[in-house]
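>>> based on what follows, work out the 3D shape:
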Amino acid sequence: MLWMKHRRIISVANSVLNSNELDQTVAHLLVTVLNWDTSRTATHGVDTESAHVAAKTEYNNLHLPVMDLVTIALQADDFVAQLKEAFPDEGDGYEDLD
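As a prediction, the model looks like this:
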């Protein structure tokens, strides 16, 4: 459990935060927010509200493959071993913690 506390939680969080899927979805959402006021922009007359609603829906339904790995690992009898396999250590000094 020390291994989980000191390494895997950080690794999973970093995998989520660094995922291309999250980056793209957040960028798309931000673009729709920036274009919300259409009175003075190149999007004048464009239905940006619908685009924003669609971007929010995309964000709310975001699927991250890394979370599939976590879900599968947590269903195993030895979930720590499964997480170690899915998120191998990179020589950070926690390899021997159990």
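>>> who's in contact with the longest helix belonging to the chain?
Ranked by residue count and defined by DSSP state H, the top helix of the chain is helix 20-34. Residues external to helix 20-34 that are found in contact with it (C-beta atoms under 8 Å, 6 or more residues apart in numbering): 16, 48, 51-52, 54-56, 58-59, 62-65. Placement of C-beta: from N, CA and C, glycine included.
>>> just the CA trace of that helix, in CSV.
What follows is helix 20-34, C-alpha atoms only, in CSV (Å, rounded to 0.1, in the frame of the first residue of the first chain):
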residue,chain,number,x,y,z
ASN,A,20,-4.2,14.1,-25.2
GLU,A,21,-8.0,13.4,-24.9
LEU,A,22,-8.2,15.8,-21.9
ASP,A,23,-6.0,18.4,-23.6
GLN,A,24,-8.1,18.4,-26.7
THR,A,25,-11.5,18.5,-25.0
VAL,A,26,-10.5,21.3,-22.6
ALA,A,27,-9.0,23.3,-25.5
HIS,A,28,-12.2,22.9,-27.5
LEU,A,29,-14.3,24.0,-24.4
LEU,A,30,-12.0,27.0,-23.9
VAL,A,31,-12.4,28.0,-27.6
THR,A,32,-16.2,28.0,-27.3
VAL,A,33,-15.9,30.1,-24.1
LEU,A,34,-13.7,32.6,-25.8
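>>> centre-most residue in the protein?
residue 16 (3.4 Å; C-alpha atoms, centre = their mean).
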